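Enquirer: what follows is a predicted protein model with its sequence.
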Amino acid sequence: MAKGIMIIVEQRNLQVRKVSLELLSEARKIADQTGESVVAVVLGQGIDELAPTLAASGADKVIVIDDAKLAEYSTGAYTSVLNKIIRKEEPQAVLLGNTAAGKDLAPRLAQRLGIGLASDCTGMEIDSANFLTFKRPIYAGKAFAHLTSNVRPIMATIRPNTFPVTPPDAARQAEVVKEAADIDQADLTAILKEVAIAASKRPELTEANIIVSGGRGMKGPENYSILEDLADVIGAAVGASRAAVDSGWKEHKFQVGQTGKTVAPTLYIACGISGAIQHLAGMGSSKFIVAINKDPEANIFNVADYGIVGDLFEVVPLLTEEFKKLVNE
Amino acid sequence: MNIVVFIKQTFDTEAKIVLDASGKIDANGVNLIINPYDEYAIEEGIRLKEKNGGEVTVVSMGGSRAQEAVRTALAMGADKGVLVSDPGLENTDEFGRAQILAKVVADIPHDVILAGRIAIDDGASQIAVRLAEALSIPSVSSVIKLEVAGTQATATREIDGGTELIEVSFPAVFTAQKGLNDPRYPSVAGIMKAKKKPLKSLTLADLGFSAGDLKMVINQYSLPTPRKAGRKIDGEPAQAASELAKLLREEAKVL
Ligand SMILES: Cc1cc2nc3c(=O)[nH]c(=O)nc-3n(C[C@H](O)[C@H](O)[C@H](O)COP(=O)(O)OP(=O)(O)OC[C@H]3O[C@@H](n4cnc5c(N)ncnc54)[C@H](O)[C@@H]3O)c2cc1C
Ligand SMILES: Cc1cc2nc3c(=O)[nH]c(=O)nc-3n(C[C@H](O)[C@H](O)[C@H](O)COP(=O)(O)OP(=O)(O)OC[C@H]3O[C@@H](n4cnc5c(N)ncnc54)[C@H](O)[C@@H]3O)c2cc1C
């Protein structure tokens, strides 16, 4: 009998990633309707103390697999362990965040389990038979596929920022189970030599609630400081168009669009970006879009909720001052 | 060194998406290109060959039009092409396609397998990793730098907020991320030569499959409700900025 919705939790330095909390929150809501349980699985080293956080966020059961070999994410070791856990637990569904690790892990795990995978989903519902169905953007958001599976478990990776995080309930209790890390030698063929995390006080682009993005209208790399000033007042991430990336003003990891990052923040502020179809593909599902552009005919105004026609070098610093006033209120 | 590169033919990024009478994505009249990430994979394969010798085989699965994509890769400098085409591929999902492609590779000598990080049409980002699993070999996703020494590679891969350095022995699969290289354009001489390079066509039966395999079910396709142009805020810059901040707080409630 298949049971429960399993969330593969991602943590870094004992911080549960926001997308994992989003999945726990949404799974909790669904489980409350279907009477199923929510199982959180967390892998790493020295991670015992995460169990109460996961319980508070909605888990009924927390499986902790604590091992030095799992300290950093690796495709092989994580697949080895999770394949066995999933076969043992037989969940109805397995959900992961569509993060760098999630994107790498889920397809391998799905292939080993002989199951399907709905990637990068932006919607999850239950149908009349209490089956999970998923909605995923295809053609860079120009269409959606609505899909499900008759094979159990059904597996999906969910795009960050798809679901809200429910405030934790410290009184919630969960059954905590510790499992040994059973890693096959054959899965240890890739050796992780080094992890370099760029120190940044700003949120990760794909997880950010607010993004301030600059395009060719920024005129040069030195001018991004005005966007950074704005971003830091409201805790935003800074992004860029491909024109800015191709000009060498920003690294590719900051590129938003069809051949960059797909983002879905609550607020996207596009500065000096014309709104090419490939850019819109990456940010078109943002909840609110603001455009600042000196060309009143720029396509970005056709999708923006609010627009200011003007010189960004004038408008952005003024906006920073206005945001400061709001934040200090 | 034997290199296999997987390429998918995709819709042009400018393509407008419409649904046909049966509710499926309509490919009629759409301009097709090589999936942009696969261009990095082809380029990397050719560079590895230029440095270490060996052969680059390009493999694509798709309709007969995918021949153009394979020919372009041959014109860039790949040596051989394989095209898997079969009506039975309709209704085959990522699991089934990975099984089929794994079967194709099994018959080609391979040290390095290259693919794109993601296909920009279906965008599953699954095929290459599933393929590696089907072949029981390691894979490194989203590679921005690849250094090869003997039968080993050190790959720099992009992760959220940073990079990882991973060492693997061959055979191994690598998926290409932008930044890996600058793909070349096919030269006129290259295009001429490509016409004479071998391009093998395979059907499912040739590979020992009777039909595709489906683990997933697509219930329907839909189109997004188009966004509407919102409000342009007029006035002097200072006034407009103040008005915008107010709207974001009071109307949108996002600040
Ligand atoms: C295969 C392919 C993939 C692509 N993928 C992506 C992708 O992932 N992401 C992406 O962004 N693009 C992508 N593109 C490129 C895309 O087509 C556009 O070329 C690009 O988005 C343009 O960037 P931009 O808006 O910054 O520049 P432009 O189109 O040049 O626009 C600059 C804008 O700045 C405004 N401006 C100038 N000065 C000022 C000022 N002082 N104040 C206010 N406004 C000002 C101008 O009015 C103009 O609207 C892709 C293209 C292809 C072919
Ligand atoms: C239920 C279901 C039914 C489907 N039915 C159909 C259908 O009828 N017709 C149809 O066309 N698709 C169908 N698909 C989609 C099809 O399964 C995917 O296109 C395919 O699995 C590849 O995934 P992707 O395009 O997202 O590639 P990704 O996994 O994002 O691709 C990553 C990389 O793998 C390589 N790659 C991917 N595809 C190919 C290929 N075809 N040849 C060579 N290399 C490749 C490329 O290097 C690419 O950059 C269906 C999917 C599902 C879930």
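Expert: Happy to help now that I have it. Just so it is clear, the model here is predicted, and its values are computed rather than measured. Ligands and ions are numbered 1, 2, ... in the order given.
Enquirer: every contact and neighbour count from this point should use C-alpha atoms.
Expert: Fine.
Enquirer: around ligand 1, which positions in chain A sit nearby?
Expert: A:215-217, A:241-244, A:256-260, A:272-276, A:278-279, A:292-295, A:298, A:310-313 (CA under 6 Å from any ligand atom).
Enquirer: list buried residues within those residues.
Expert: Those of the residues of chain A next to ligand 1 that meet the buried threshold are A:215-217, A:241-244, A:256-260, A:272-275, A:278-279, A:292-294, A:298, A:310-313, by 16 or more other CA atoms under 10 Å in any protein chain shown.
Enquirer: what is the burial count for residue 56?
Expert: Let's take chain A. Other residues near A:A56 number 20, with proximity taken as other CA atoms under 10 Å in any protein chain shown.
Enquirer: chain B is the one I meant
Expert: Neighbours of B:V56 (other CA under 10 Å): 27.
Enquirer: in which helix or strand does it reside?
Expert: strand B:55-61 (DSSP states H and E).
Enquirer: and the contacts of that strand?
Expert: When contacts are defined by CA atoms under 8 Å, 6 or more residues apart in numbering or on different chains, strand B:55-61 is touched by residues B:1-9, B:42, B:45-46, B:49, B:66, B:70, B:73-74, B:78-85.
Enquirer: restricted to helices, list these.
Expert: Counting by DSSP state H, the contacts of strand B:55-61 place B:42, B:45-46, B:49, B:66, B:70, B:73-74 in helices.
Enquirer: mind listing the helices for the stretch 101-250 of chain B?
Expert: B:127-134, B:188-194, B:237-250 (DSSP state H, counting those that start in this stretch).
Enquirer: stretch B:70-82: end-to-end distance?
Expert: Using CA to CA, to the nearest Å, one end of stretch B:70-82 lies 8 Å from the other.
Enquirer: and chain A, what are its domain boundaries?
Expert: What automatic domain parsing lists as the domains of chain A is A:5-187, A:205-328.
Enquirer: which of those sits closest to A:K193?
Expert: Set against A:K193 and scored by CA to CA, the domains of chain A come closest in domain A:5-187, at 10.6 Å.
Enquirer: average pLDDT for that closest one?
Expert: For domain A:5-187, mean pLDDT is 96.
Enquirer: for the residue in the stretch 1-150 of chain B that chain A sits nearest to, give me its contacts.
Expert: Relative to chain A, the nearest point of the stretch 1-150 of chain B is B:D121 (4.2 Å; CA to the nearest CA). By CA under 8 Å, 6+ apart, the residues touching B:D121 are A:138-140, B:10-11.
Enquirer: helix, strand, or coil at the most centrally placed residue in chain A?
Expert: By CA atoms, centre = their mean, chain A has its centre lying nearest to A:P160, at 2.4 Å. Three-state assignment for A:P160 (DSSP: H, G, I helix; E, B strand; the rest coil): coil.
Enquirer: would you mind measuring from it to B:D160?
Expert: 12 Å.
Enquirer: joint contacts of the two?
Expert: Common neighbours of A:P160 and B:D160 (CA under 8 Å, 6+ apart) are A:T99.
Enquirer: for B:T175, which of the domains of chain A is the nearest?
Expert: domain A:5-187 (10.3 Å).
Enquirer: mind checking which helix or strand residue 33 is in?
Expert: By default, I'm working from chain A. helix A:18-34.
Enquirer: sorry, I should have been clearer: chain B.
Expert: Applying DSSP H and E, one finds B:I33 within strand B:32-34.
Enquirer: other SSEs contacting that strand?
Expert: Under the contact criterion of 3 or more CA pairs under 8 Å, 6 or more residues apart in numbering or on different chains; DSSP states H and E, strand B:32-34 touches strand B:9-11.
Enquirer: does ligand 1 sit close to the strand it packs on?
Expert: No - applying CA under 6 Å from any ligand atom, one finds strand B:9-11 separated from ligand 1 by no less than 9.9 Å.
Enquirer: rounded mean pLDDT for that strand, please.
Expert: 97.
Enquirer: list the buried residues in stretch B:58-75.
Expert: Here stretch B:58-75 shows B:58-62, B:66-67, B:69-75 as buried, counting by 16+ other CA under 10 Å.
Enquirer: now do stretch B:185-201
Expert: Those buried within stretch B:185-201 under the rule 16+ other CA under 10 Å are B:186, B:190-191, B:193-194, B:199, B:201.
Enquirer: for that stretch, measure first residue to last.
Expert: Counting by CA to CA, you get 25 Å between the two ends of stretch B:185-201.
Enquirer: which residues touch it?
Expert: Contacts of stretch B:185-201 (CA under 8 Å, 6+ apart): B:71-77, B:79-85.
Enquirer: now with 6 Å?
Expert: B:74-76, B:80-84 (CA atoms under 6 Å, 6 or more residues apart in numbering or on different chains).
Enquirer: for stretch A:108-125, same thing?
Expert: Contacts for stretch A:108-125 (CA under 6 Å, 6+ apart): A:79, A:98, A:132-136, A:155-159, A:162, B:124, B:129-130, B:133, B:215-216.
Enquirer: filter those residues down to the buried ones.
Expert: Buried among these (16+ other CA under 10 Å): A:79, A:98, A:132-136, A:155-159, A:162, B:124, B:129-130, B:133, B:215-216.
Enquirer: circling back to that earlier point, can you tell me which of the buried residues of stretch B:185-201 is nearest A:V94?
Expert: Out of these, the member with the shortest distance to A:V94 (by CA to CA) is B:S201, at 37.8 Å.
Enquirer: looking at the nearest residue to that closest one once chain neighbours are set aside now. What's its pLDDT?
Expert: Computed as CA to CA, 6 or more residues apart in numbering or on different chains, the closest residue to B:S201 that is not its neighbour in sequence is B:L83, at 4.8 Å. pLDDT recorded at B:L83 is 98.
Enquirer: next, count neighbours for B:L83.
Expert: 23.
Enquirer: for A:D67, same thing?
Expert: 16.
Enquirer: residues near the nearest residue to it once chain neighbours are set aside, how many?
Expert: Using CA to CA, 6+ apart and skipping residues adjacent in sequence, the residue nearest A:D67 is A:Q45, 5.1 Å away. Applying other CA under 10 Å, we find 17 residues neighbouring A:Q45.
Enquirer: so A:Q45 touches A:D66, yeah?
Expert: Yes - between A:Q45 and A:D66 there is a contact at 4.9 Å, judged by CA atoms under 6 Å.
Enquirer: can you pull out the helices in the stretch 51-200 of chain A?
Expert: A:75-89, A:100-113.
Enquirer: what's the answer for the stretch 201-329 of chain A, then?
Expert: A:224-234, A:242-246, A:277-283, A:312-328.
Enquirer: TSV for the ones you listed, including mean pLDDT?
Expert: Formatted as TSV, those follow (pLDDT from 0 to 100):
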stretch	mean pLDDT
helix A:224-234	98
helix A:242-246	97
helix A:277-283	95
helix A:312-328	97
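Enquirer: would you mind finding the most buried of those?
Expert: helix A:277-283 (a mean of 22; mean count of other CA atoms under 10 Å in any protein chain shown).
Enquirer: quickly list the domain ranges of chain B.
Expert: Using automatic domain parsing, chain B is parsed into the domains B:2-207, B:225-255.
Enquirer: show me the one of those domains that comes nearest A:A231.
Expert: The nearest among the domains of chain B, by CA to CA, is domain B:225-255 at 12.2 Å.
Enquirer: near chain A, anything from that closest one?
Expert: Yes - using CA under 6 Å from any CA of the partner chain, domain B:225-255 reaches chain A at B:227-233, B:237, B:241-242.
Enquirer: who wins on neighbours among the residues you listed?
Expert: B:A241 (25 neighbours).
Enquirer: residues in contact with that one?
Expert: Residues in contact with B:A241, defined by CA under 6 Å, 6+ apart, are A:L319.
Enquirer: where's it relative to A:L318, distance?
Expert: 6 Å.
Enquirer: likewise for A:A40?
Expert: Taking CA to CA, one finds A:A40 at 45 Å from A:L318.
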